[in-house]
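A.B. asks: Mind looking at a prediction? Sequence and model below.
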2 protein chains.
Amino acid sequence: MTKEPVLRFTEALVRLAHLVQQVFVDVSKEYELTPQQAQLLCLLIGGPVGMTELTRSLHLEKSSLTGLVDRAEKRGLVARTRDSHDRRTCRIALTPEGERIGALAHDGMTERLEALARELPQQHRDLLASVIGEILTEHTAQTGRAWLPSGS
Amino acid sequence: MTKEPVLRFTEALVRLAHLVQQVFVDVSKEYELTPQQAQLLCLLIGGPVGMTELTRSLHLEKSSLTGLVDRAEKRGLVARTRDSHDRRTCRIALTPEGERIGALAHDGMTERLEALARELPQQHRDLLASVIGEILTEHTAQTGRAWLPSGS
DNA sequence: TATTGTTATACTCTATAACTATA
DNA sequence: TATAGTTATAGAGTATAACAATA
């Protein structure tokens, strides 16, 4: 028999999500990014991504993404590249500055999230990651890209 | 020895948070609420709360909260009440309609989050809640209020 | 003076609908 | 015609700074 947890399962999930979100917001602010911009940068760390794929990853309408990319481009963080045979499409790539800030933000968040669990025995940490993994493999697409949000 | 998890700990946290957030967004939309309005309603289910306490719970500046409450009030979901001896303060309470929608949204989210784990053995679910509880008790204030976001 | 909350302003984020360019 | 992306527009969310009312 397992000990009855203090928190209900759903409440634990919601509160954990809020905590992670707050880390995201705080670290983004440190680098003068909005959380959405930080998420975009983290998503692009693995290499350029097309607009359509980004709308799916970020769960955004294409026009919303256009605006997000516009503002990130104006700040010199990303650039649109047209290197495909289909001249309608474009791919979004990090600029050197975007690469730098994106890496800093990513590392900052990783550090802060690790810190959340610094009192946790390694065994519990692995357990948590494993069980979360069970949930995620059922409910999110596999893309291999780090920090891809939930959706397909 | 514990089996090495498939996901790194921080990546598991981030992706889980995105998944929960998406549930929040989806369910809110079902009831024609913004996620922020839904969060506000859920927070008020336990009873009226003052503006200052709300800014802390929601991690918002007071002016941002004024706008959020204004819009929720205009939709008939909440009402400002001035029942204190200090006539500067006000408390935000759910209207009957807000109570109704808030309960529906809360239950909808609970249901959807439970569904995420329906393939998980109860033992794993309890384990997850326990370990998350360990993290939360260290990093969030105790208020006893359901679905309070991370902060104090 | 200090605190509580609002107002004014500016910007970001988001969606819907209409549009342009390419396929 | 269909698809990829942009533009136009409207509304929500957020922060900073200045303000009003109360303590």
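C.D. replies: Thanks, I have the structure now. Residues are numbered from 1 along each chain as shown, chains lettered A, B, ... in the order given.
A.B. asks: Near DNA strand C, which residues of chain A are found?
C.D. replies: If contacts are counted using Cβ under 7 Å from any atom of the strand, the residues of chain A sitting beside DNA strand C are A:34-37, A:58-61, A:63-64, A:67-68, A:71, A:85-88. Glycine gets a C-beta too; all of them are placed from N, C-alpha and C.
A.B. asks: In helices, which of the residues you listed fall?
C.D. replies: Using DSSP state H, the subset of the residues of chain A next to DNA strand C located in helices is A:35-37, A:58, A:63-64, A:67-68, A:71.
A.B. asks: and DNA strand D, which of those residues reach it?
C.D. replies: Near DNA strand D, by the rule Cβ under 7 Å from any atom of the strand, you find A:63, A:67 out of those.
A.B. asks: Please indicate which of the ones in helices among the residues of chain A next to DNA strand C are buried?
C.D. replies: Of all these considered here, the ones buried according to neighbour count by 16 or more other Cβ atoms under 10 Å in any protein chain shown are A:35-37, A:58, A:68.
A.B. asks: So which of the residues you listed is the closest to residue A:113?
C.D. replies: Sorting those by distance to residue A:113 puts residue A:35 at the head of the list, at 14.4 Å, by Cβ to Cβ.
A.B. asks: leaving aside the residues next to it on the chain, what's closest to that closest one?
C.D. replies: residue A:28 (4.8 Å; Cβ to Cβ, 6 or more residues apart in numbering or on different chains).
A.B. asks: ok, that neighbour - contacts?
C.D. replies: If you count contacts by Cβ atoms under 8 Å, 6 or more residues apart in numbering or on different chains, residue A:28 has them with A:34-35, A:37-38, A:105.
A.B. asks: Which strand or helix spans it?
C.D. replies: Residue A:28 is part of helix A:9-30 when elements are defined by DSSP states H and E.
A.B. asks: and that helix, which residues are buried?
C.D. replies: In helix A:9-30, counting by 16+ other Cβ under 10 Å, buried: A:9-24, A:27-28.
A.B. asks: Now tell me which helix or strand of chain A has the poorest mean pLDDT.
C.D. replies: Across the helices and strands of chain A, mean confidence by mean pLDDT, DSSP states H and E is lowest for helix A:122-139: a mean of 90.
A.B. asks: Wondering if that helix reaches chain B at all.
C.D. replies: Yes. Contact between helix A:122-139 and chain B is present through A:122-139 (criterion: Cβ under 8 Å from any Cβ of the partner chain).
A.B. asks: Now do that helix: which elements does it pack against?
C.D. replies: Applying 3 or more Cβ pairs under 8 Å, 6 or more residues apart in numbering or on different chains; DSSP states H and E, one finds that helix A:122-139 contacts helix B:9-30, helix B:96-116, helix B:122-139.
A.B. asks: re the thing from before, could you export the contacts of residue A:28 to a markdown table, including columns for distance to residue A:75?
C.D. replies: Formatted as a markdown table, the entries for these read as follows, by distance: Cβ to Cβ, whole Å:
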| residue | distance to residue A:75 |
| --- | --- |
| A:34 | 10 |
| A:35 | 15 |
| A:37 | 8 |
| A:38 | 12 |
| A:105 | 13 |
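A.B. asks: Do I have it right that residue A:17 meets residue B:22?
C.D. replies: No. At 9.9 Å, residue A:17 and residue B:22 do not qualify as touching, with contact defined as Cβ atoms under 8 Å.
A.B. asks: what's residue A:92 sitting at in phi/psi?
C.D. replies: Dihedral pair for residue A:92: phi -100, psi 130, per degrees, to the nearest 10.
A.B. asks: If it is in a bridge, with which residues?
C.D. replies: Beta bridges link residue A:92 to residue A:49, residue A:80, judged by DSSP bridges.
A.B. asks: surely it meets residue A:69?
C.D. replies: Yes. Residue A:92 lies in contact with residue A:69 (Cβ under 8 Å); the separation is 5.8 Å.
A.B. asks: what touches both of the two?
C.D. replies: Going by Cβ under 8 Å, 6+ apart, residues that sit against residue A:92 and also against residue A:69 are A:40, A:51, A:54, A:78, A:80.
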